[in-house]
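# make a model of this:
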Amino acid sequence: MLVPMNYRNLGQSGLKVSQICLGTNNFGGQIDAETSMKIVNKALDCGINLIDTANIYTGGKSEEIIGKALKDRRDEVIIATKVGFGTLEGPNQSGLSCKHILSQVEHSLKRLQTDFIDIYYMHRFDPETPLEETLRTFDYLVRQGKVRYTACSNFTA
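Numbers count the residues shown, from 1 in each chain. A predicted model of the protein is given here:
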């Protein structure tokens with residue numbers, strides 16, 4: 001017998017998210033694509049509506065698998081993904097600069113097979129990029145409709 005899922009507001013927004021979030025760091029790595037897609041569908045069937053990933057999880061495979069799994073169920077899900085850690089070698093391939101964020105959001109959208117990201121996280125603090133630049137870029141993405149909510153992860157108080 002399944003216990004009904006509980007939902008809470010995301011921060012001070014009106015967005016309702018399940019108390020349990022499906023983390024997908026191992027999708028496409030320790031967990032193969034087929035099994036990962038079954039896990040996504042079972043989680044949704046159990047009432048979980050929040051899926052967490054990042055552009056760097058298993059080299060982008062996690063986002064790709066989530067995109068395939070949600071092809072016919074996108075409206076049921078809140079997708080959270082992240083940007084900040086490096087994906088390639090090079091001086092502008094990591095961090096929270098406008099250049100890196102704008103490049104990575106497009107890659108994430110393509111892998112996730114969606115027009116928007118529900119929650120876009122700053123995955124880490126970037127001491128080399130002014131916070132104002134990062135926040136302006138996130139605001140730009142919200143105004144464009146590519147991102148609905150913004151957040152931060154791995155930041156100290």
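# check the burial of Cys21 by counting its neighbours.
Cys21 has 15 neighbouring residues, counting by other C-beta atoms under 10 Å. (C-beta placed from N, C-alpha, C; glycine too.)
# quick check: closest non-adjacent residue to it.
Distances taken as C-beta to C-beta, 6 or more residues apart in numbering place Leu50 nearest to Cys21, at 4.3 Å, with adjacent residues excluded.
# could you do Leu2 as well?
Nearest one to Leu2, counting by C-beta to C-beta, 6+ apart, is Cys46 at 6.1 Å.
# and the strands in this structure?
7-9, 16-18, 21-23, 50-52, 78-83, 117-122, 147-152 (DSSP state E).
# point out the most buried one among these.
With neighbours defined as mean count of other C-beta atoms under 10 Å, those peak in mean count at strand 78-83, which reaches a mean of 25.
# pLDDT weak spots in this protein?
For the chain, the stretches with pLDDT under 70 are 1, 92.
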